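Student: Got a predicted model here, sequence first, then my questions.
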Amino acid sequence: MVSEAGPPSLGLWAQEALQIPALLASPLLRAVPVPPGGGRPVMVLPGYLTTDMSSVRLRRSLNAAGYRAHGWELGRNNGARADLLERLCLRVSSLADRHGQPVSLIGWSLGGIFAREVAKLAPAEVRLVMTLGSPFSGDPRANNAWRIYELLNDHPVDRPPLQVDIPVKPPVTTIALWSARDGIVSASSARGLAGESDLQVEVDCRHLNFARSARAIRVIGQVLAQHLA
């Protein structure tokens, strides 16, 4: 059952725990075939408490299709930090200069919120933003991760040490992938309201599988191909 107003049910949340071993093993999995990328640069931002290892299979799949896929190279995503957006903008600028064109940003969960904010600060260097189960809309506590976030950080989840207006859509093409089976972020938060993104795409996967499962990676590849053609 999906809760539109609050976090996903405890049953859905429990199902996420069963995905942890598969997530940890995902760097060992082979690439998933996706439409060709034509050398376009992509940067994938990890979810909360994860690193670039969590997106290895997604990036491997994009690279095999001819994209130039990169991690964020900022270590573990420990939440909002005062200098985080500045560091991300420098990373995006460096990649855009290297490839001679704007970079598409794919952000899983909290990484998607950071991707949206970077695109607001540096729209000329960002071609597209795609969020994967990111809680950018509505109540910032409509998820099953906010208590852990506040326990491990020195600020409330709704008052990060950054000047942001999270629901506002970036001035670039912005696509929200969401799942009714997400056990961590509510479907309504990841889908958003009209005007908070340009396109909303449902994916049949668990939250921890957005950057790992073959089904989700195929959808990501198809959406990228449609909007970067």
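Tutor: All right, it came through fine.

Student: show me where the chain has strands.
Tutor: Defined through DSSP state E, the strands belonging to the chain, from first to last, are 41-45, 68-71, 103-108, 126-132, 173-178, 199-202.

Student: so of the ones you listed, which one's packed in deepest?
Tutor: The densest packing among the strands of the chain, expressed as mean neighbour count by mean count of other Cβ atoms under 10 Å, is seen in strand 103-108 with a mean of 28. Yep, even glycine has a C-beta here, placed from its N, CA and C like the rest.

Student: Need the contact partners of that strand.
Tutor: Strand 103-108 has contacts (Cβ atoms under 8 Å, 6 or more residues apart in numbering) with 40-47, 50, 54-55, 58, 92, 95-96, 112-116, 118-119, 125-134, 210-211, 220, 224, 228.

Student: what's the angle between it and strand 41-45?
Tutor: Per axes from the mean of the first three to the mean of the last three Cα atoms, to 10 degrees, the angle that strand 103-108 makes with strand 41-45 is 20 degrees.

Student: who's in contact with residue 76?
Tutor: Residues counted as contacts of residue 76 (Cβ under 8 Å, 6+ apart) are 46, 49, 50, 51.

Student: any idea which of those is closest to residue 17?
Tutor: The closest of the contacts of residue 76 to residue 17 turns out to be residue 49 (Cβ to Cβ; 14.0 Å).

Student: Look at the closest one and report its pLDDT.
Tutor: Turning to residue 49, the model gives it a pLDDT of 97.

Student: can you tell me which residues contact residue 153?
Tutor: The contact partners of residue 153, taken as Cβ under 8 Å, 6+ apart, are 78, 79, 80.

Student: pLDDT at it, what is it?
Tutor: 96.

Student: ok, it to residue 160 distance?
Tutor: Here the criterion is Cβ to Cβ, to the nearest Å. By it, residue 153 lies 9 Å from residue 160.

Student: swap in residue 123?
Tutor: Taking Cβ to Cβ, one finds residue 123 at 21 Å from residue 160.

Student: Just the buried subset of the contacts of residue 153, please.
Tutor: By the neighbour-count criterion of 16 or more other Cβ atoms under 10 Å, the contacts of residue 153 include these buried positions: 79, 80.

Student: Let's have the contacts of residue 153 in a markdown table, adding distance to residue 201 and pLDDT.
Tutor: As requested, the contacts of residue 153 are exported to a markdown table (distance: Cβ to Cβ, whole Å; pLDDT from 0 to 100):
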| residue | distance to residue 201 | pLDDT |
| --- | --- | --- |
| 78 | 28 | 97 |
| 79 | 26 | 97 |
| 80 | 26 | 96 |
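
Student: Perfect, I'm done here.
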